[in-house]
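Colleague: no FASTA, just this:
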């Protein structure tokens, strides 16, 4: 099995729908994921080298395809939505020795976990949204405090549901809190309370972008839209 992934931030680009009166994201944050399955024979060492080289070629090809799609889309309109051409994936395609597929996801259509801190301080509005998202997904809203403790710059525990180094240093093996923004969503698995089950539920709806980013209403899913404000089930409608 060969997989590759790349985060694309092409710089200043198109704007999405505003949240809380903002005008949308300054950058376009997209995630391009590709999957390849190869079947090659031969000696193990030679086979591994061939698969490694093929994986790199898959990665380069997917990256070039994604950049081309985004550049073409930029010429067509000035907003990002699920109706844009970048949202048309490469269907499973036969390639030499295997199969290849690829897709692009708008990460600004997801909740940015690093939004919990704004200018070094907790963002109460984003904390409320994240708690609502957790609840929408059937998870405990109390997990938000443990995540905030993980990314905030201090070592003060947010009672009653936070977790700082006293928790993580007692694990085997022990480790320290990051005290910085998340670099990848998978980092959640290191945080108190975020089990594999919680991570699996959250992963399609969250991102770990470096800057504070508003949510693009045009590409956000129903769960993320429902987290923006208190609402009754069924009040978010799609055309």
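Modeller: Nice, I can see it. Just so it is clear, the model here is predicted, and its values are computed rather than measured.
Colleague: Need the phi and psi values for the residue nearest the centre of the chain.
Modeller: What sits nearest the mean C-alpha location of the chain, by C-alpha atoms, centre = their mean, is residue 207, with 2.7 Å. Main-chain dihedrals, residue 207, degrees, to the nearest 10: phi -140, psi 170.
Colleague: just the one 3 residues further on next, same as before
Modeller: Summarising the backbone geometry of residue 210 under the convention degrees, to the nearest 10, its torsions are phi -70, psi -30.
Colleague: Tell me the secondary structure at residue 179.
Modeller: Going by DSSP: H, G, I helix; E, B strand; the rest coil, the secondary structure assigned to residue 179 is coil.
Colleague: Make residue 1 into 29 and carry on from there
Modeller: All right, first residue 29 from here; so that's residue 207.
Colleague: Pull out the buried residues from stretch 158-176.
Modeller: Residues 158-162, 164-165, 167, 169, 171-176 are the ones in stretch 158-176 that count as buried (16 or more other C-beta atoms under 10 Å). C-beta here means a position set from N, CA and C on the backbone, and glycine is covered the same way.
Colleague: Quick one: mark the members of the residues you listed that sit in strands.
Modeller: Members of these lying in strands (criterion: DSSP state E): none.
Colleague: With respect to residue 105, which of the residues you listed is nearest?
Modeller: Using C-beta to C-beta, residue 161 is the member of the buried residues of stretch 158-176 that lies nearest residue 105, at 28.3 Å.
Colleague: Which residue, other than its chain neighbours, is closest to that closest one?
Modeller: Spatial nearest neighbour of residue 161, chain neighbours left out: residue 255 (3.9 Å); criterion: C-beta to C-beta, 6 or more residues apart in numbering.
Colleague: And for the one you found, the neighbour number?
Modeller: Residue 255: 25 surrounding residues under other C-beta atoms under 10 Å.
Colleague: Count the neighbours of the residue nearest to residue 113 when sequence neighbours are not counted for me.
Modeller: Excluding the flanking residues, the one nearest residue 113 by C-beta to C-beta, 6+ apart is residue 101, at 5.2 Å. Using other C-beta under 10 Å, residue 101 is surrounded by 19 other residues.
Colleague: three-state assignment of residue 101?
Modeller: Of the three states, residue 101 takes helix under three-state DSSP.
Colleague: Residue 76 too?
Modeller: Here residue 76 is recorded as helix under three-state DSSP.
Colleague: pLDDT value on it, please?
Modeller: pLDDT for residue 76: 78.
Colleague: For it, give its distance to residue 162.
Modeller: According to C-beta to C-beta, to the nearest Å, residue 76 stands 41 Å off from residue 162.
Colleague: ok, now residue 75?
Modeller: 44 Å.
Colleague: Please apply the same query to residue 81.
Modeller: Residue 81 is 42 Å from residue 162, by C-beta to C-beta.
Colleague: so residue 162 touches residue 169, yeah?
Modeller: Yes. Between residue 162 and residue 169 there is a contact under C-beta atoms under 8 Å: 4.9 Å.
Colleague: quick one: terminal-to-terminal distance for stretch 109-126?
Modeller: Taking C-alpha to C-alpha, to the nearest Å, stretch 109-126 runs 32 Å from one end to the other.
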